[in-house]
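> this one's sequence-less:
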């Protein structure tokens, strides 16, 4: 989820401009407000590393927003892959404060580079207009993006407790990804992109072209409801898996919004294809704070 709204009530403490973590936190405030708020709710000593990780995620997630053709998008993604693998031109990565912050985070917390490069590879799908073929493909995409991000954040927050939350992170990430896709339905539809899986659409009597056209509102509403239902299934599995150490709750904070997005999508039906479902920022902040306190989504 990448909402852009009025400034949050609280700001992160000022830091020297030379600090890449400070730059990442400032950038995150503009590119992913929910994860910015999640950083502010995390322990202060972990905030910079989380901001670097989340700012990287926001940067590769928004490539489609800043390029008009797939090839320039693939070049941007390849640059990040080269930076992580040490293949960027001399000084390029260190000169980029987002990349510098990410590389510092990886080194300090011994994050697996392969997981990060898999995140980049998964984002190639965003550059094209191929519809999501089925639920397995959707779950794989979400696993390599949203689920992986939760698990990486857990490694930053509490490495010993990260392994026990892996199953919960897997399902929570799928739920969070679906919630984000529901929020972006109007944007995706304008672009001709369809993330609702093809087998789920077929079960409601639609295909990708029919969903984009939006003429059959009754079936479109059923498709939106079914997609939200799939998200709920994964959210329930995440809750049933348990295993989230208190020190790792901050990694799951953005997932606290998913249930409320599903509620709104089910009420909106076909209108979700045309109107944004994003709840008010103060509500989102409250839901994340409650999850931090209780450990429940």
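Done, it's in. Bear in mind the structure is a predicted one, so any value in this text is a computation, not a measurement.

> Could I get the average pLDDT for whichever strand or helix holds residue 58?
According to DSSP states H and E, residue 58 maps onto helix 44-61. Average pLDDT, helix 44-61: 98.

> right, and the helix or strand after that helix?
Sequence-wise, the next helix or strand downstream of helix 44-61 (DSSP H and E) is helix 63-66.

> So which elements touch that next one?
helix 70-85 (3 or more Cβ pairs under 8 Å, 6 or more residues apart in numbering; DSSP states H and E). Where C-beta positions appear, they are placed from N, C-alpha and C, glycine not excepted.

> What helices and strands are in contact with the helix it packs on?
Partner elements for helix 70-85 (3+ Cβ pairs under 8 Å, 6+ apart): helix 44-61, helix 63-66, helix 92-95, helix 97-109, helix 113-122.

> Just name the most buried of the ones you listed.
Across the helices and strands packed on helix 70-85, averaging neighbours per residue (mean count of other Cβ atoms under 10 Å) puts helix 44-61 on top, at a mean of 23.

> For it, name the packing helices and strands.
Judged by 3+ Cβ pairs under 8 Å, 6+ apart, helix 44-61 is in contact with helix 20-31, helix 33-41, helix 70-85, helix 97-109, helix 113-122, helix 148-157.

> relative to helix 97-109, how tilted is the third one?
I take that to be helix 70-85. 40 degrees (axes from the mean of the first three to the mean of the last three Cα atoms, to 10 degrees).

> Give me the buried positions along helix 70-85.
Neighbour counts over helix 70-85 (16 or more other Cβ atoms under 10 Å) mark 73-74, 76-77, 79-84 as buried.

> any weak-confidence spans in the stretch 1-150 of the chain?
Residues of the stretch 1-150 of the chain that meet the criterion pLDDT under 70 lie in 1-17, 89-91.

> do that again at 80, thanks
1-18, 88-92 (pLDDT under 80).

> can you list the helices and strands packed on helix 70-85 in CSV and add distance to residue 187?
Formatted as CSV, these follow (distance: least, Cβ to Cβ, whole Å):
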stretch, distance to residue 187
helix 44-61, 12
helix 63-66, 9
helix 92-95, 30
helix 97-109, 23
helix 113-122, 19
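
> Residue 217: which of those is closest?
For residue 217, the closest of the helices and strands packed on helix 70-85 is helix 63-66, at 26.8 Å, according to Cβ to Cβ.

> quick revisit: and the buried residues of helix 70-85, which two are furthest apart?
Between any two of the buried residues of helix 70-85 (Cβ to Cβ), the greatest distance is 17.3 Å, for 73 and 84.

> So which residue is dead centre in the chain?
Nearest to the geometric centre of the chain sits residue 146, at 4.8 Å (Cα atoms, centre = their mean).

> hang on, that one packs against residue 181?
No: taking contacts as Cβ atoms under 8 Å, residue 146 lies outside contact range of residue 181: 10.1 Å.

> Remind me what the top helix by length along the chain packs against, helices and strands.
Selection of the longest helix in the chain by residue count, based on DSSP state H, yields helix 217-241. Helix 217-241 sits against helix 166-183, helix 198-203, helix 208-213, helix 258-268, with contacts defined as 3+ Cβ pairs under 8 Å, 6+ apart.

> Recalculate using a threshold of 10 Å.
Counting contacts by 3 or more Cβ pairs under 10 Å, 6 or more residues apart in numbering; DSSP states H and E, helix 217-241 packs against helix 135-142, helix 166-183, helix 185-191, helix 198-203, helix 208-213, helix 258-268.
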